[in-house]
Structure formats: structure tokens, C-alpha cells
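**Q** this one's structure only:
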Ligand SMILES: *[C@@H]1O[C@H](CO)[C@@H](O)[C@H](O)[C@H]1NC(C)=O
Ligand SMILES: *[C@@H]1O[C@H](CO)[C@@H](O)[C@H](O)[C@H]1NC(C)=O
Ligand SMILES: *[C@@H]1O[C@H](CO)[C@@H](O)[C@H](O)[C@H]1NC(C)=O
Ligand SMILES: *[C@@H]1O[C@H](CO)[C@@H](O)[C@H](O)[C@H]1NC(C)=O
């Protein structure tokens, strides 16, 4: 008999949560998160972007992110026409990794209304990551109702709002947004710091060092990512040790 009390409590708790979630669900928000694939299919003229979303799985990423984060998402969607404006072979010459980055470059990991475009601080950070000049910078400028996007390689215009619900915004753009890292000029010579170290150690070898400039930048990016993770783990371990000390 005594064991039925916790069960009853659980039952009450359960029915309370159910009621609560029902009230939440009946709020004005649309039923379930938006689906980028469905939206673009409905809008038509986005078959190439849809194919890329599918191939790179970025479409699924967007849907998952919409469901799991309250930051929202903004997608700049180039039309089929925009893709046909590319130089022949532009897409085929990209590696799988670059295709993913190209598609991610059209995705901003926050919801942006047209009003927010006017006060945005450039360069924006896209889902492709690093927004420094020779990597994946994206600038938005406005004048009246006109919204322009510059990548350093192309200047595009936001032609239309395809979809917006306060969480997902999808805007039609008239050009494929080509990132600097793949379509821009190569980054200039290595940073002054490494230049000095090289001169000190070996003054003769200067010409060969500039050839692998991009590879060096890449490697250091990864290294700093690892450093951050390492710092985090060390910090976490420290925190756990500290809590352990307090508890004992
Ligand atoms: C989104 O829509 C597409 C096509 O309409 C469908 O195949 C897919 O399963 C949907 N994804 C989710 C997460 O609902
Ligand atoms: C959204 O997330 C909830 C809980 O995290 C999960 O149960 C649901 O299946 C997800 N829906 C989609 C469409 O991914
Ligand atoms: C947007 O781009 C158009 C055409 O490229 C240009 O004429 C206009 O000045 C640009 N506007 C802004 C605000 O950058
Ligand atoms: C973007 O804007 C920033 C800040 O105004 C500027 O420094 C940078 O050169 C611009 N980049 C591109 C690609 O237009």
C-alpha cells in the first residue's frame, strides 16, 4: 500500500506535464519545426540547391538545428538561374569537403529578419566558419529596401523573402555566394611572425615556404581548435576537482 504513493505522485506529475505541453503546443507557433527541404520544394526553381543540400546533408543539418536551437537559421537560396550563371565546371571542380563548405556558406546560424540586415556587423559568420578575409567572410549592406551581399568574390542581391517564421528565414539570392577561400585570390605571404623565425633558422629557404602558405594556415586553424578543446577539458577537470574538494 505504501508503494502506491510515489506512483500516484508520478501520475500527477505526468498529467501535469502533459497538460503543460498541450498548452504550449496550442500557442500560435506553427506545428513542429520548419523543414527547409519542403519549403524549397514548394518554392520551385531551387532544384540545384536542393540537390546540394541533399548531397552534402546540410539540409538535414539545418532541420536538426532548427529543432534543437532557439537561435534560428537564415538561408540564402540561389535560384537554378543563379547556378547556371556559374562558370562551367565551377561546382565539379570542388572536393566533397569544399561542396559542404560552399553550401554551409549560404547558411547563417541565427535568424535574421530583413530589419536586422540594416544593423548587422560585417563580416558575418556563416555556418562555413572562419570569417576572416581570405576564408569565408560575408558582408551585408543595405540601402532602402535593397539588400546586397558581398563575399569578396561576388556581389549578390537579396531578391525576395521565400519564407520567414521568426525562427527560419529563407531569402532568394540572384547569385551563388562564392567564398574567398575557394574562389578568391590566395592569401598573401605567411604572417610576419613565422617569417622572422624562418629567417633566423634558414634564410635560403624563403621561396619554398610561401608555396605552402594555405596549408600552414589550415593546420594552425585546426591546432587552435584543438587548443580550445584542450583548454576546455582542463578547465572542466579543474572544476570537477574543485567541487570534489568542497564535497569531501
Ligand atoms: C522534410 O521534407 C522532406 C521532403 O518534403 C522529407 O523527405 C523529410 O523527411 C522532411 N524532414 C523532416 C525532418 O521532417
Ligand atoms: C525534434 O526534437 C525532438 C526532441 O528533441 C524529437 O523528439 C523530434 O523527433 C525532433 N523532430 C524532428 C523533426 O527532428
Ligand atoms: C547593391 O548592388 C547594386 C548592384 O550591384 C549597386 O548598384 C548598389 O549600389 C548596391 N547597394 C548597396 C547598398 O550596397
Ligand atoms: C566586409 O566588411 C568589413 C568591415 O566593413 C571589411 O573590412 C571587409 O573588407 C569587407 N569584406 C568584404 C569581402 O567585402
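**A** Sure, I can see it. Since we're looking at a predicted model, the values are computed, not measured. Numbers count the residues shown, from 1 in each chain. Ligands and ions are numbered 1, 2, ... in the order given.
**Q** the biggest strand by length in the chain near ligand 3 anywhere?
**A** Of all the segments of type strand in the chain, defined by DSSP state E, the longest one is strand 155-164. Yes: interface with ligand 3: strand 155-164 contributes 155, 157 (CB under 6 Å from any ligand atom). C-beta here means a position set from N, CA and C on the backbone, and glycine is covered the same way.
**Q** flag every buried residue along that strand.
**A** Under the neighbour-count criterion of 16 or more other CB atoms under 10 Å, strand 155-164 has 156, 158-159, 162-164 buried.
**Q** any idea how far residue 42 is from whichever residue of the chain sits closest to ligand 1?
**A** Using CB to the nearest ligand atom, the closest approach of the chain to ligand 1 is made by residue 35 at 3.6 Å. Distance of residue 35 to residue 42, given as CB to CB, to the nearest Å: 10 Å.
**Q** pick out whichever of these two has more residues nearby.
**A** Between residue 35 and residue 42, counted using other CB atoms under 10 Å, residue 35 has the larger neighbour count: 16 against 11.
**Q** thought that one was touching residue 63?
**A** Yes: using CB atoms under 8 Å, residue 35 is in contact with residue 63, at 5.8 Å.
**Q** and residue 99, what does it touch?
**A** Each residue near residue 99 by CB atoms under 8 Å, 6 or more residues apart in numbering is listed here: 52, 55-56, 91.
**Q** one step back: pLDDT for the buried residues of strand 155-164 - can I get that in CSV?
**A** Formatted as CSV, these follow (pLDDT from 0 to 100):
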residue, pLDDT
156, 97
158, 97
159, 94
162, 97
163, 97
164, 97
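**Q** okay if I get those residues as a markdown table plus distance to ligand 4?
**A** Below are these laid out as a markdown table (distance: CB to the nearest ligand atom, whole Å):
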| residue | distance to ligand 4 |
| --- | --- |
| 156 | 12 |
| 158 | 16 |
| 159 | 20 |
| 162 | 25 |
| 163 | 27 |
| 164 | 25 |
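**Q** of all those, which comes closest to ligand 3?
**A** Checking the buried residues of strand 155-164 against ligand 3 with CB to the nearest ligand atom, the nearest one is residue 156 at 8.4 Å.
**Q** please name the residues that touch the closest one.
**A** 76, 78, 82, 148-150, 173-175, 177.
**Q** let's see it at 7 Å
**A** 149, 173-175, 177 (CB atoms under 7 Å, 6 or more residues apart in numbering).
**Q** and if you look at residue 109?
**A** Residues in contact with residue 109 (CB under 7 Å, 6+ apart) are 71, 73, 127.
**Q** one more time with 10 Å, if that's ok
**A** Applying CB atoms under 10 Å, 6 or more residues apart in numbering to residue 109 gives the contacts 62, 65, 69, 71-74, 125-127.
**Q** list buried residues within these.
**A** For those, buried by 16+ other CB under 10 Å: 62, 65, 72-74, 126-127.
**Q** what about those, which are in strands?
**A** 73-74.
**Q** so where do the strands sit in this protein?
**A** Using DSSP E, strands in the chain cover 73-78, 107-108, 139-143, 146-150, 155-164, 168-173.
**Q** in JSON lines, list those along with distance to ligand 1.
**A** Shown next, in JSON lines, are the strands of the chain (distance: least, CB to the nearest ligand atom, whole Å):
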{"stretch": "strand 73-78", "distance to ligand 1": "13"}
{"stretch": "strand 107-108", "distance to ligand 1": "16"}
{"stretch": "strand 139-143", "distance to ligand 1": "28"}
{"stretch": "strand 146-150", "distance to ligand 1": "26"}
{"stretch": "strand 155-164", "distance to ligand 1": "13"}
{"stretch": "strand 168-173", "distance to ligand 1": "12"}
